[in-house]
Structure formats: C-alpha cells, structure tokens
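In: Take this sequence and fold it.
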Amino acid sequence: MKKICYCLLFLNLTNNIYAQRSSDQNIDSLTKKLYKHVFKNEDSTYYYLDKISNVAKQNDDIGKYIQTTMDFNRVAGYHNNYKKLKSNIKLTDSIFVQYKDFLDKRPDKLYYTNSLLYDKGMYNFVLEDYEKARHFFNEIIKKCESLPINELDDNQKSLLAVAYGFTAKMYVNEHKFELAKEFYDKNIRFLITKNSEDKKSLYRVYSLLAEVYKNEKQFALSNTYLKKSLEFNLKNSRNTNALITETSLLVENYLNLNKIDSAYFYLDLMKANIPENHIFLNKYHTSKAEIYKKNKEYDNAVLEYDMSVQLLQKESDGIELEKLALLYDQIGQLHATYNEPQKAVDNFNKGINQLSKKNANKSALLKILKNKAMIVGAYDLENSNEQVISTVDFGIKTLDSLKPSFKSEADKLLLIEDAFPLFESGLAALFNSYKSNSNNELIDKAFYYSEKSKGILLMEALLGAKATNFGAIPDDLIEKEKQLKAQITYLEKEINKSKASSNVLEDRLFATKEEYRSLINTIETNYKAYYNLKYNTEVVSLKEAQNNLTDDEMLVSYFYGDKHIYVISLTRSTKEFFKIENNEALENNTRNIYKMLSDPKSEVSILANETYHLYRLLLKPIIKKEAKEKLIVIADGLLNYIPFGSLNTSSDGINYLIEQKSVSYTNSASLWIELKDNKIYSNSVLAFAPNFENDNNFSDILLPLPHNKEEVNQIMHSFEGNGFINEKASLFNFTSQIANYGIIHLATHAVFDDKNPEYSYLAFTPDNKSSNLLYVSDLYNLSLHANLVTLSACETGIGELKRGEGFMSLTRGFFYSGASSIASTLWKVNDASSTQLMDNFYKNLAKGSSKDKALQKAKIEFLKANKQNALAHPYYWSGFVISGNTNAVVSSYKWVWFLVGSLFLFLILFFVFRNRKRNYFK
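Out: This next block holds a predicted model:
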C-alpha cells in the first residue's frame, strides 16, 4: 500500500507544480529531464532533484526549494530508501524552521505542513511504529477536518484521503478490524463527497476494505469488493501494485472457500500482470505456495515459500518485520500440516524473533505464539510441556500488553477468541505434567490460565467504573465522557432505525467516536491511577478464591476447549483438576438437552436420562468427594446453555441436583470476588409490569403477559418499594427511578437480536415521553447500585455466545451498569409459573436466605406443589438462574432469635439460682 500512495502522491502533488513554467529556464529544462527518470532510476531522479533544489535556492525561489526537498522524501519512500528518507525528513524539518516566516505568509501553508506530516507518518508506518505513524496521520486529519470541505484544494483532499486510508490500514495490521472499517467507511463517504469522478481512489479503498472482511473470515463478501475493484483496475488504471494485491487476496479467499480452480485463475492473472523483479513478486510466490499446500504438494510449497522469503528479505532490507514474521508463520503451519513439527517450530521461532524487536506488531506476535504452542503441544517433542508453558506465559504477557490498545468491544472479543487456543494448549500441558508428577502447584497455574481466559471484557468494564471513582479524574471530564457515550448510543440507534444510509448521521457518529477515543486517551495518559486500575491484568489466585469460599461452598470452573473440557474444583481446603474429552457426541447431547429443557412438550423421562449422563460426566466425579450445599459454577462454551440444577443425579429415577444443592453462576472467580465488593445503598424494590395491549408497533412480538401484574403485586408484599404497573411501567419512569433502589424486578418481554446483539432489548409500556425499548447499548450508560436485578422475561440470560466471555446478553449489560447479581432466564419462560416462582423467591429473600438458597427453595417448593402435574417439567422452573454475588439481600433474623433465646434462658437460670440461694439461707 505504501508504494502505491508514494506514487500517487508524488504524481498528484507535484504534477501541478512542475506543469507551471518556472521563471528560470534552467529549472524548466531540468524538470523535463527529471520526468524521464521519475520511478525508473533512483539515482538519476535524486541527481536532477538536487540540481533543481540548488538552482531554486540560488534564485531565492523558496517555494520551489521547499517543494523539491519534500519530493526527495517521496522518491526515497517509493524506492524503499529509508535511510535517505530519514535524513531528508530531518533536513525538511530544519528548512521549515529556517523559512517559518515565508511559510506562515503563504495561502498553501497547510499543504506544506500536511505534506511533511505525511512523510513522517509514512516513515514510521514502514518501520511498523504505528503509534508514531498514527499521530502524524491524525494531525493531517485534524487540520483538514477543522476546515469546511470547500476550503480544501485537491492536494489537501488527497492527503486527507490517504491519512484516513493509512490509519485504517494500521488498525487492520493490529487486528482492530472494527476501527479499520470505521475509517474505511469514512474515507468512502469522503471520496464520494469530494469528487464522485475519482473512481481510482474509491475502488482502491474498496479493495482495502475487502482485506478486512477477509480477516474476519467473510470470504464471499471480501470477494465481492475485490472483483469490483479488480475489474475497474483492469479497465482503467492498470495499477500493477493494486492488481497484485487484489489477485493475491482473491487466491487466498478462494482457497478458504475450497474453490481451487478459481484460485488458479487469479494466480494466473497475477502472473500475467507482474513485471520482472517487481517489488511485490514475493506475493505471487506466497500465493502459489498456498495453492500447492492446498493440493498437498509439500515440496513445491516449501520451494515457493523459500523464494518468497528471499524476495521479501531483499526488498524490505530488514524493515518490514511483520510481513516476514507472518510468512515464517505460514511456513511453520505448512510443516505442521505435513508432520514436520521441529521444522514448524523452527520457523515459528524465526517469526517470534522478528517480532520480539522494538515496536513490533504484538497482534502478529500473539498469533505466532498461539500457533507454536498448539504445534508443540500436539507432538511429543523434547520438553514439550515446558516449551508450551513458557510459550503460553509469553503469549499471556503479550495479550495483557495488547488489550489496553483495543478500544472496540468487537475487536477485543475477536482478539480474545483468537487467543483461546493458547490457553487450551497451556492447560493441556499443565494437565499432562500434573498426571505425571501430581504436583498440586500445577493446579494453581491451571487455575491462573483458566481465569485469564474468562470474563475479560466484563471485568475490564467493572474495573473501569471503579477507576472512574478512584482515579482522581476531574468531574468535568467524567461528565464529558458520559455525554459522549450517550451521544454515541443515540446516533447508533438512529442509524440502526434509519431505513436508508445517512452520511450526515454516520459522519457525526464517526466524529463523536473519535472525540470519545481522544478523551479516553487523554484520561489514560494524564491519570495513571485510572489507567492502572482499569487495565489491572491481575486475576485472583487459587488460594484467594479458596479463602473467599465458605465452608458449605464449592466452586467448579470449566474451560471448554476444542478437544477437552478442563475442570478445576475448589473448596476452602481442597482442589482438584480433571479433564473430560470433548467430542461431537457430547456437543450434540448438550444442544439436545437445551432443546428439550426449553420445550414443555419434551418427554421428561428421556430428558432425565440425558441429563443424568451429562451430570455423570461433568459433576459426579467432583461432587462425590465433597458434599457441599452450595455450588458456584463458572460455565464455559456450550455449558452456558445448561441450568445445572436441572441435571438428574439418579441413574434409576429422577432426582434433580437442585433438590440437593443450590446453584449459582459467575463468569470468573475474579469477577465473583469483585462483585462482592459492590456498595449497596438500599434494599427497597423497584418493580415493573408493563402492558402491551395497545402497542401497535410491536403487537406481533410483545404479546400480553396476563400474570406479570400479579407477580409484581406479590413481590411488594415481601419488600418495601414501588411497583409500576400497566401505563406507569414506562421506560421514562424506570430510568428516572433506578438510582434509588437496591432491588430491581422487571416482569416484561425481552427480545434478542442475533444479528446486532447490542440492539437486544427489554420492553416497557409505550408513552409519549420516550421510547419504550431499553437496549443493551443503553445499559452501558446507566449507573446502578443494585444488589439484585431480576429479569423475569424471555431469554434474558441468552445472547450470542463468545468464547471465554459467555453470553452477550441483557444480563451482561446490567452487570456493566453496576448490578451485583442478576436473576435471569435461559429460555422463553411460562408467565404463570414465573409468578409462582418469583413469589416464593422473594419471600425467601425477605426471610434472610442468600439469593442462591432463596431460588433453590423456590424451585423445590414449586416442584412439591406440582409433582403430580405437567408443571414438574424442568421447562417451567429450571430456566431461572442466579449469577454474581449471591449474599443475602437482608440480614437473617436467626441471630436475633438466638440472642433473645439466650437472654431468656439466662434470666430463668438467674431467678432459679437466686431462689435456691434464698431458700438455702432460710
């Protein structure tokens, strides 16, 4: 990409200057000679530029002198002469200082300033120092965006478009794909607005956007953009660099789509358009190697990769560390595919060594470390377990350093998902070592790996909220951050609701997000206490988790890997480490169980048999050793779908786990302990039972809930507070009241949006003051002090399942906003049975039961009351789960009665003793 932009900018930004005849005929003559050598002969180009520069300086033609100095930068960049580029940028800087007064008076000062910023940005880009490069390109963007578009000339517009493009490209290289798409989309809107005839630049951005979709594994969508761009390129611009890049991406996409013939077609097209000794010739050999690999032609693939390495080393002169490192990674994966593990590891190590240098791309480094750990773990190499563990430790350190730079949640989720096999490799190595030497300290290390893989984003959000309170940030900055977050949410919802694309709204959203990111960067830079709290990478140790357990509690943490499920169980005094084989049969069984649980018409006896097999696999080996009353589950993967209380513990009957143990859930032990520290302000209840009978907009989705009013009324008999029913149960009343209550109960509909999870919502009674839908994205802007949030609604605990993070659900949104614990549902619950369960749940809470015990008792009571009818089916009662801090919401009164009883007994004994004493002395 850099080669193309140097070429385009050199032509676009200097053609108009050289086209103007100089007052000096000597300069005109030299310029004509220069054009014969531009992009063909580097030394001759420098020679004539130097001649022009000297004549201009002698003639006191300062404008021409400065322009020619900057043209040296473009030529050096085009020819990869980075030593020359560095020295010439330094010279240009000194000239700008020397002729500051001259530049300040020129109307085109911005052009000169931005041109130098561009050269500095490009230089740092090729050095892969993206932080510095981004700073210079952002300066161009800020300077240009501060002016109305009609005040920018074509040169400035070109510089702005290139700045957008390179900012996006750096985000792509760092695997921050959501941010990259924001900048590419902004560039597309800008190019269309700037000049609808500039198809060349527009199609180039389409091609770059296609690379993002390729990285997101949307290969067909990527091809759609690539083919459009390639067709335009072949007919119009014949840009060789772009042609090579586009065809190489098409080859890769078609290989991923298993369409070998199409891959060959674009490989041939690439070959037909590559001049001899072209700088991108390595891409052709890499693409050819990938085809050979797909065709299982190992030796041919090795030869092509080796050729690609040689060419890249020659062309990059050791500068482009990332490209070479990723090429070694590809070679390593090739050797692994053909059972050459040591050769694979050798190449992975070459890539790691490349990226262990200063300013190297850590996203690329993490990828190679992950691949190395997987391959070493898969083969019986010398010291395999030790090698894997050291690689995983390096990978975790790299991941921790990466996370703070990822500001988009979508990008963070992808980062974590990509890193997940790293943790699985580490746990496999630790388990193998543990089985061979029974060193209990290895369980502590396994617990650490498991914790590092779980609930990362949710934990970061909670720490961020705490950091805001304790990071000594001025109130005006906190207020500004809240305003920008609210504005972003508003604009995103407006765009989502809009049927047609709106450039105005999208540009406003882009600008607001950039302002928000800039503010957060300022806060994180200037307030170190905030940064350190927010990005604290420490997780609780196994011993800390044990110390937080009571004598009647057991914590069971699952890691759901591709090959195995790793289980760590803890009590205050014991720890166990297990491994369960994960296979297609287990996954199908788990999915089938969820399907049967969420269907009231499924056969109870068959369901009981299926859940017994799952119980025997997941829990029985653990529970039989320690008879604890309370079970705290850290679920993972498909296990998030299963309410453990519904598991049958009997091989010859039905005996649900919930009848023996209370069950609660948490994303991680670190999160569980963090939630225990939440400050609770009140134990009064705020309850809502909306009415949907007059909601014409959603009448087909939001059906009436005939029992939700009764549910709220019953709850209000157990706790003080306010219940909002029918027309009073509006979103306006909810958002205006929530800060004053410690228990929030919502007996309403929830609708999950599987395409855009952030637009899943809870529904309230429609009114004229506000929308009646509370979206997940809205929850991020709320501030709760709730001990308990109960979502007595459809599928409130379900959402898109993300590895390590669990469900991206409404439940998660309430944790973001400050809730300590949440009672939610795993499927579309029955309205009538919910009312019975919730009534008993709150009665038990009011008596001082912990939340998990209160829910357990409510379920047992429900089962006893309905054991002779169809309501005994787990569908009606097991879908409710409790997550987070399960401590009681009110103090138990048992100690009061104990104290009263003790005092009463003491008084009786006192009077008996006194009477005996009197009788004795009579």
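In: C-alpha from now on. contacts and neighbour counts both.
Out: OK.
In: Distance-wise, check residue 510 relative to residue 164.
Out: The gap separating residue 510 from residue 164 is 12 Å, by C-alpha to C-alpha, to the nearest Å.
In: other SSEs contacting the strand or helix carrying residue 205?
Out: Element membership of residue 205 [criterion: DSSP states H and E] is helix 199-215. For helix 199-215, the helices and strands in contact under the criterion 3 or more C-alpha pairs under 8 Å, 6 or more residues apart in numbering; DSSP states H and E are helix 154-173, helix 177-194, helix 219-232, helix 240-256.
In: CA atoms only: put the shortest one into CSV for me.
Out: Going back to what we said before, that points to helix 219-232. These are the backbone C-alpha positions of helix 219-232, laid out as CSV (Å, rounded to 0.1, in the frame of the first residue of the first chain):
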residue,chain,number,x,y,z
PHE,A,219,-14.6,-14.5,2.2
ALA,A,220,-17.5,-14.2,-0.1
LEU,A,221,-18.2,-10.6,0.9
SER,A,222,-14.5,-9.8,0.5
ASN,A,223,-14.5,-11.2,-3.0
THR,A,224,-17.5,-9.0,-3.9
TYR,A,225,-15.4,-5.9,-3.2
LEU,A,226,-12.2,-7.3,-4.7
LYS,A,227,-13.8,-8.2,-8.0
LYS,A,228,-15.4,-4.8,-8.4
SER,A,229,-12.0,-3.1,-7.7
LEU,A,230,-10.1,-5.5,-9.9
GLU,A,231,-12.5,-5.1,-12.8
PHE,A,232,-12.1,-1.3,-12.6
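In: just so I have it, where are all the helices in the stretch 651-800 of the chain?
Out: If DSSP state H, counting those that start in this stretch is used as the criterion, the helices of the stretch 651-800 of the chain fall at 669-676, 708-715, 731-737, 776-779.
In: Which parts of the first one count as buried, going by neighbours?
Out: For helix 669-676, the neighbour count (16 or more other C-alpha atoms under 10 Å) marks 669-676 as buried.
In: how close does the closest residue to residue 55 other than its chain neighbours sit to residue 491?
Out: Counting by C-alpha to C-alpha, 6 or more residues apart in numbering, the nearest residue to residue 55 once its immediate chain neighbours are dropped is residue 27, at 7.0 Å. Applying C-alpha to C-alpha, one obtains 54 Å for the distance of residue 27 from residue 491.
In: Counting neighbours around each, name which of these two comes out higher.
Out: A direct count of neighbours by other C-alpha atoms under 10 Å for residue 27 and residue 491 places residue 27 higher, at 22 against 17.
In: give me the element the more buried one is part of.
Out: Assigned by DSSP H and E, residue 27 belongs to helix 25-35.
In: what do you get for residue 304?
Out: Following DSSP H and E, the helix or strand that holds residue 304 is helix 298-316.
In: Can you tell me which helices and strands the helix or strand following that helix packs against?
Out: Scanning forward in sequence from helix 298-316, with DSSP H and E defining helices and strands, the next element found is helix 321-337. For helix 321-337, the packing partners by 3+ C-alpha pairs under 8 Å, 6+ apart come out as helix 298-316, helix 341-355, helix 362-378.
In: Go through those helices and pick out the most buried.
Out: Of all those, helix 362-378 carries the top mean neighbour count, a mean of 24, counting by mean count of other C-alpha atoms under 10 Å.
In: Please dump the helices and strands packed on helix 321-337 into CSV; it should also carry distance to residue 71 and mean pLDDT for every row.
Out: Compiled in CSV, those are given as follows (distance: least, C-alpha to C-alpha, whole Å; pLDDT from 0 to 100):
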stretch, distance to residue 71, mean pLDDT
helix 298-316, 21, 91
helix 341-355, 32, 95
helix 362-378, 33, 94
